[in-house]
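Asker: Sequence and predicted structure below; questions after.
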Amino acid sequence: MAVTAATLEANFINGKWIPGSSQTVVDIVNPANQQSLAQVSLADEADTARAIEAAASAFPAWRMTPPQDRIQYMFRFRELLLEHVDEIARVTTKENGKTVAEARAELQRGIENVEVSCGMPTMMQGYNLEDVARGVDEMMIRQPLGVVAAITPFNFPGMIPFWFMPYAIATGNTFILKPSERVPLTMMRVFELLEQVGLPKGVVNLVNGGKAVVDALLDHPKVRAISFVGSTPIAKYVYARAAASGKRAQCQGGAKNHVVVLPDADMKMATQIISDSAFGCAGQRCLAVSVAVTIGEAQKTFRDSITEAAASLRVGDGLEEGVQMGPVITAQSKSRIESLIGVGEKGGAKILLDGRNAHIPKHESGSFLKPTILDAVPASSELTDTEIFGPVLSLVHAKDMNEALAFLERSPYGNQASLFTSSGAAARRFRYEAPAGNIGINIGVAAPMAYFPFTGWKGSFFGDMHAQGRDAIEFYTDKKVVIERWGEEHSRKF
Ligand code: NAD
């Protein structure tokens, strides 16, 4: 597409809205009906360099702004976000497809991070000890890094940028966000609110672009730290390239999450929660349950109940009242998921519920699939290790907990593992042994609250310090140790 008068000024750089300078224009479409929502010209390397220079110039004064004053902006930001939750949620639904209730909920989780960042004057404190030697004192203080950047995915446009932005700013850094080019509109609206907050220019910057912008951020010497959330191959790439230029990096990758269902679980509750986890947001959640491992009689009871629950979900346009599951992000995504269902079938799985070829009245061109359930997926099939990222739940059976845990152990990912049971002892063993960073016990989406870290393992995370919670403060600050001696005779002089 060519740049026209309708092309949005989608980048917020040094306090000004400007169009991207590249000649690539992306048509942002509503996945529920393929209608065009906006045209965005992507930023290029020079736009990115301008954002980095703006953030670098804003840093010295922002760093000297007392933390107590910095958080006043965050209080104002929170109030503005709360006033606009419904409006922003509708923007998210239009560009991403999820239901308005899901979009509202994700923004709420995002706002919780703004709230936590308001505690920065306490959270950012170091520690000290007098008399580490006679007359010698030692202290650890935390200082912000400088310019930091985050690169985020399409599936939570109104939440994931908040895992980084509030902490980065409240600790005294200046910040650049590069959202997914598939969903730029949500953060554009959020940045309009940030503009009203009145932060000094250059403290926050928004650059909408693709690989060229990412590479420019990764290679620029003035960017000190990179946060990334997206698929595993890109997470690995970003981690390696950021490290090559000496940056601190935290890179969250893809997932394939298992839930183990024991026969003593409350089957009604388990079914409801697992159905929400597998099919909510059309399965496009990095914490979506995608493989259910049943043990003993749960094989039959859970299989029957989940198939019934999934079949009853109302699929449609996320803007419509009563719709429980929206479309997937693009037509390409829909055909990728459909072909993976075919791969499962060829590999020996039995299709209990087939969501391919979904027809949604008045939305024939939308990227819709219906919930799909594959039974008896062989443990070593291509599908077991592949992230589907769609509304597809695979069922496998294990003879006991040992076999179930061995199954999880083989997975290349470790974002989340859940257990449904009424046994405390089984729950404790699972918590102790399950090889994943976020564990749910009778929980389907074990998404850590803002004051806890989001702790993916294995191929789901590259780095040391995670997003959110205390890890965020560690990530966005450098520690400095000062050891002081002033001499006793001088101290008695005045
Ligand atoms: P993606 O990896 O395609 O894109 C993520 C970001 O990387 C985007 O901003 C994109 O512009 C950029 N990017 C894409 N290709 C690039 C390249 N070749 N070089 C440099 N940058 C590039 O991911 P997505 O499709 O937007 O999101 C879905 C993925 O994100 C899934 O794998 C999902 O599991 C994962 N995810 C993980 C978490 C988590 O917390 N671990 C959370 C949400 C999503």
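Answerer: Received the coordinates, thanks. Residues are numbered from 1 along each chain as shown.
Asker: contacts and neighbour counts: CA atoms only from here.
Answerer: Will do.
Asker: Can you report how many residues neighbour the nearest residue to residue 44 once chain neighbours are set aside?
Answerer: Nearest-residue entry for residue 44: residue 22, 5.2 Å, with adjacent residues in sequence omitted and distances by C-alpha to C-alpha, 6 or more residues apart in numbering. Using other C-alpha atoms under 10 Å, residue 22 is surrounded by 16 other residues.
Asker: Mind listing what's buried along stretch 12-19?
Answerer: 12-15, 17-19 (16 or more other C-alpha atoms under 10 Å).
Asker: One more: stretch 486-494?
Answerer: Here stretch 486-494 shows no buried residue, counting by 16+ other C-alpha under 10 Å.
Asker: Now that stretch: average pLDDT?
Answerer: Average pLDDT, stretch 486-494: 76.
Asker: Would you mind measuring the gap between the ends of that stretch?
Answerer: End-to-end span of stretch 486-494 (C-alpha to C-alpha, to the nearest Å): 14 Å.
Asker: Is it correct that residue 387 falls within a strand?
Answerer: No: Residue 387: not assigned to a strand; according to DSSP: H, G, I helix; E, B strand; the rest coil it is coil.
Asker: so it makes contact with residue 257?
Answerer: No: under the criterion of C-alpha atoms under 8 Å, residue 387 makes no contact with residue 257, lying 9.0 Å away.
Asker: From the buried residues of stretch 12-19, which land in strands?
Answerer: Cross-referencing the buried residues of stretch 12-19 against strands under DSSP state E gives 12-13, 17-18.
Asker: how near is the residue nearest to residue 44 to residue 400?
Answerer: 56 Å.
Asker: Now for residue 186: which residues touch it?
Answerer: By C-alpha atoms under 8 Å, 6 or more residues apart in numbering, the contact set of residue 186 is 88, 91-92, 157-158.
Asker: what's the answer for residue 270, then?
Answerer: Contacts of residue 270 by C-alpha under 8 Å, 6+ apart are 261, 420, 442.
Asker: and the first one, bridged to which residues?
Answerer: Beta-bridge partners for residue 261, by DSSP bridges, are residue 294, residue 420.
Asker: Double-check it against residue 296; I have them as touching.
Answerer: No: contact criterion C-alpha under 8 Å: residue 261 and residue 296 do not qualify, at 9.1 Å.
Asker: More neighbours: which of those two?
Answerer: residue 261 (30 against 15).
Asker: Does at least one residue of the longest helix along the chain sit close to the ligand?
Answerer: With secondary structure taken from DSSP state H, the chain has its longest helix at helix 45-64. No: figure legend: helix 45-64 not in contact with the ligand (C-alpha under 6 Å from any ligand atom); closest approach 12.8 Å.
Asker: What is that helix packed up against?
Answerer: strand 11-13, strand 147-151, strand 174-178, strand 204-206, helix 211-219 (3 or more C-alpha pairs under 8 Å, 6 or more residues apart in numbering; DSSP states H and E).
Asker: re the thing from before, just the contacts of residue 186 now: which is nearest the ligand?
Answerer: For the contacts of residue 186, the closest approach to the ligand (C-alpha to the nearest ligand atom) belongs to residue 157, at 9.5 Å.
Asker: pretty sure that closest one belongs to a helix, no?
Answerer: No: Residue 157 is assigned coil when assessed by three-state DSSP, not a helix.
Asker: how far away is residue 270 from the ligand?
Answerer: Residue 270 sits 23 Å away from the ligand, going by C-alpha to the nearest ligand atom, to the nearest Å.
Asker: Next up, phi/psi of that residue, please.
Answerer: In terms of degrees, to the nearest 10, the main-chain angles of residue 270 are phi -60, psi -40.
Asker: Check the residue of the stretch 1-150 of the chain found nearest the ligand and give its pLDDT.
Answerer: Nearest to the ligand, among the residues of the stretch 1-150 of the chain, is residue 150, at 8.7 Å (C-alpha to the nearest ligand atom). Predicted confidence (pLDDT) at residue 150: the value is 99.
Asker: List the contacts of it.
Answerer: Counted by C-alpha under 8 Å, 6+ apart, residue 150 has contacts 161, 164-165, 175-179, 226-228.
Asker: Number of residues surrounding the nearest residue to it once chain neighbours are set aside?
Answerer: With sequence-adjacent residues excluded and distances taken as C-alpha to C-alpha, 6+ apart, residue 150 is closest to residue 227, at 4.5 Å. Close neighbours of residue 227, defined as other C-alpha under 10 Å, add up to 26.
Asker: For the ligand, what is the nearest residue in the stretch 251-400 of the chain?
Answerer: residue 254 (3.3 Å).
Asker: Tell me the secondary structure of that residue, please.
Answerer: Following three-state DSSP, residue 254 is assigned to coil.
Asker: And the pLDDT at residue 23?
Answerer: Note for residue 23: predicted pLDDT of 89.
Asker: Can you give me the distance of it to residue 40?
Answerer: Distance from residue 23 to residue 40, by C-alpha to C-alpha: 10 Å.
Asker: and the gap between the residue nearest to the spatial centre of the chain and residue 224?
Answerer: The chain has residue 160 as the residue nearest its centroid, 4.1 Å off, counting by C-alpha atoms, centre = their mean. Separation of residue 160 from residue 224 (C-alpha to C-alpha) stands at 20 Å.
Asker: Show me which residues of the stretch 351-494 of the chain are close to the ligand?
Answerer: So the stretch 351-494 of the chain meets the ligand at residue 460 (C-alpha under 6 Å from any ligand atom).
Asker: 5 Å instead, please
Answerer: Counting by C-alpha under 5 Å from any ligand atom, no residue of the stretch 351-494 of the chain lies close to the ligand.
Asker: Figure out the helix or strand that residue 172 lives in.
Answerer: Under the criterion DSSP states H and E, no helix or strand holds residue 172.
Asker: before we move on, back to that, who are the neighbours in contact with the residue nearest to residue 44?
Answerer: Neighbours of residue 22 in contact, by C-alpha under 8 Å, 6+ apart: 41-44.
Asker: can you tell me which of those are in strands?
Answerer: Counting by DSSP E, these place residue 41 in strands.
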